[in-house]
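Trainee: fold the stuff below for me.
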Amino acid sequence: MDTSKHTLNTLFEQLGLASDNAAIDDFIARYSPLPADIALQDAPFWSQSQSQFLEEGLEEDSDWAEIIDELDAQMRH
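Mentor: From the prediction side, this is the model:
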């Protein structure tokens, strides 16, 4: 079991995206603000597997859920 603390960097790695701080900032700037009526995992910029990972992380309240919620909050600004 992976017990390491997840960060935005490790979340982006898990999603197969560039995971350095500048790339994450660029991603958030490019796709924000996410409309309130669209769930993060349903946003059109995710691939099917990325969307599924995010959805499962939230539904199962996995150890990824907290950092997924953090990304969601940042995408709403």
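Trainee: ranges for the helices of the protein?
Mentor: For the chain, the helices defined by DSSP state H occupy 8-14, 21-31, 48-59, 65-75.
Trainee: of the ones you listed, which is nearest I38?
Mentor: helix 65-75 (9.6 Å; Cβ to Cβ). Placement of C-beta: from N, CA and C, glycine included.
Trainee: now the closest one: average pLDDT?
Mentor: The pLDDT scores in helix 65-75 average 97.
Trainee: of the helices of the chain, which is nearest L40?
Mentor: Of all these, helix 65-75 comes closest under Cβ to Cβ, at 4.3 Å.
Trainee: buried ones in the closest one?
Mentor: Buried residues in helix 65-75, defined by neighbour count with 16 or more other Cβ atoms under 10 Å: A65, I67, I68, L71, D72, Q74, M75.
Trainee: how far does it sit from the chain's center?
Mentor: With Cα atoms, centre = their mean, to the nearest Å as the basis, helix 65-75 stands 6 Å off its chain's centre.
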